[in-house]
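In: need coordinates for the below:
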Amino acid sequence: MPPRDQADIRNSQILSVHRPANLHPALAIVQRGSGFSEFVLVETGQMVGLEDEGVVSLWQGLLSCNAKGEPDDLGQKAFWKQWESRMKFI
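Out: Just a heads-up that it's a prediction; the model follows:
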């Protein structure tokens, strides 16, 4: 493997996984070799946001959390309010 590919692999490696007490129970924070941290789903490992940018709004509504990954019941109610009117079928 060329050195450049090895560097790419090192940057994508998971260095640590954290589950802070204030984080939504379905979320964890993964720190990568690249220096980036990601919000991921605990059960599947699917990335749902970056720590610097926050949890993606879709996942905030589905999980009932805020951009910081903390539980937020009010956010879920606002997310689902009039959801039918936001759905436009062509």
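In: so which residues make contact with stretch 26-40?
Out: 10-20, 23, 41-43, 45-52, 54-55, 59, 63, 65, 69 (CB atoms under 8 Å, 6 or more residues apart in numbering). C-beta coordinates here come from the backbone N, C-alpha and C atoms, glycine included.
In: derive a ChimeraX selection command for the buried subset of these.
Out: A single ChimeraX command selects the buried members of the contacts of stretch 26-40 (16 or more other CB atoms under 10 Å):
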select :23,48,49,54,55,59,63,65,69
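In: before we move on, which element is Gly45 in?
Out: Gly45 is part of no helix or strand when elements are defined by DSSP states H and E.
In: same check, this time on Phe39
Out: Counting by DSSP H and E, Phe39 is part of strand 37-41.
In: what separates that strand from the chain centre, distance-wise?
Out: 4 Å (CA atoms, centre = their mean, to the nearest Å).
In: okay, now the sheet partners of it, with direction.
Out: strand 27-32 (antiparallel), strand 47-50 (antiparallel) (DSSP bridges).
In: list the buried residues in it.
Out: Buried, per 16+ other CB under 10 Å, within strand 37-41: Ser37, Glu38, Phe39, Val40.
In: same deal with stretch 66-80?
Out: Ala67, Gly69, Pro71, Asp72, Gly75, Gln76, Phe79.
In: with stretch 27-40 instead?
Out: So for stretch 27-40, counting by 16+ other CB under 10 Å, buried means Leu27, Ala28, Ile29, Val30, Gln31, Ser37, Glu38, Phe39, Val40.
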